[in-house]
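J.: Predicted model and sequence follow; I will ask about them next.
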Amino acid sequence: MVSLTEENYLKAIFALSEREPDARVSTNAIAQRLNTAAASVTDMLKRLAEKHLVAYERYKGASLTPAGKAIAVDLVRKHRLWEFFLTEKLGFAWDEVHEMAEDLEHVDHPELIDRLADFLGNPRYDPHGDPIPDRRGHIAYHNPLHLAELAPGERARVLAVDQDAPDDPELLRFLSKIGLVLGASVEVVAAEDYDDARLVRIEGAEPRAISDKVGMRLLVRRESPKGA
Ligand SMILES: [Zn+2]
């Protein structure tokens, strides 16, 4: 049996090492992410190592074993499917669903999740644009190009918010307010070298300034410039 707390540790280690699967995650990084003391992290890592879910060496940090990773990916799958269900079928906004999914992801009935996935048409992305792992645990990542990296004249489509943004309802509400939602078309009209702000036309509206702070939290897919 894996407890709810243990599951949250596995998910945290996965999130911290997602882009570099061989990297070891430090005790401090885990403590920071889970908002807990480093000493309790050390205890938990030892316990997870005894269960062969984590490889842990003192002073070297932790990484997931294949068994630990499978549990983490399954939690991510459940979390994102529930978020999709809550927005698409129950009408919640994208800034409301993360906390609920944090609870629902721990419901453990594989048959329920498989049927939920089928019911939803096996969606590939959640309401924040994050890839939903498939039944076999495969994850179709986006190319991480940020809005803030586009040059003047370039057009793009918003694919996703960064992986910590679902945790940030204020940011999500701000993005909704200015129309920077998934699928929106954006065109960079000008870039300000001084503070890296960009003048961005969203869905053909009057251009508005988008700060680097916001631009670095949006993943986009580049589209060819107008007329090209
Ligand atoms: Zn979420």
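T.: In hand now; what should we look at?
J.: going forward, measure contacts and count neighbours with C-alpha atoms only.
T.: Will do.
J.: For the chain, which residues score under the pLDDT cut-off?
T.: 21, 224-228 (pLDDT under 70).
J.: Domain map for it?
T.: 4-64, 76-141, 147-223 (automatic domain parsing).
J.: Nearest to Ala70, out of the ones you listed?
T.: Across the domains of the chain, the minimum distance to Ala70, taken as Cα to Cα, is reached by domain 76-141, at 7.2 Å.
J.: Tell me where this structure has helices.
T.: 4-17, 27-34, 38-50, 66-88, 97-104, 110-119, 169-178, 212-215 (DSSP state H).
J.: Remind me what the fifth one packs against, helices and strands.
T.: Right, helix 97-104. When contacts are defined as 3 or more Cα pairs under 8 Å, 6 or more residues apart in numbering; DSSP states H and E, helix 97-104 packs onto helix 66-88.
J.: Could you report the separation of Leu199 from Arg157?
T.: Leu199 sits 16 Å away from Arg157, taking Cα to Cα, to the nearest Å as the criterion.
J.: what residues are up against His79?
T.: Ala101, Glu102, Leu104, Glu105 (Cα atoms under 8 Å, 6 or more residues apart in numbering).
J.: Any chance of those residues in JSON lines with neighbour count and distance to Lys11 as columns?
T.: Formatted as JSON lines, the contacts of His79 follow (neighbours: other Cα atoms under 10 Å; distance: Cα to Cα, whole Å):
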{"residue": "Ala101", "neighbour count": "21", "distance to Lys11": "13"}
{"residue": "Glu102", "neighbour count": "17", "distance to Lys11": "11"}
{"residue": "Leu104", "neighbour count": "17", "distance to Lys11": "14"}
{"residue": "Glu105", "neighbour count": "21", "distance to Lys11": "11"}
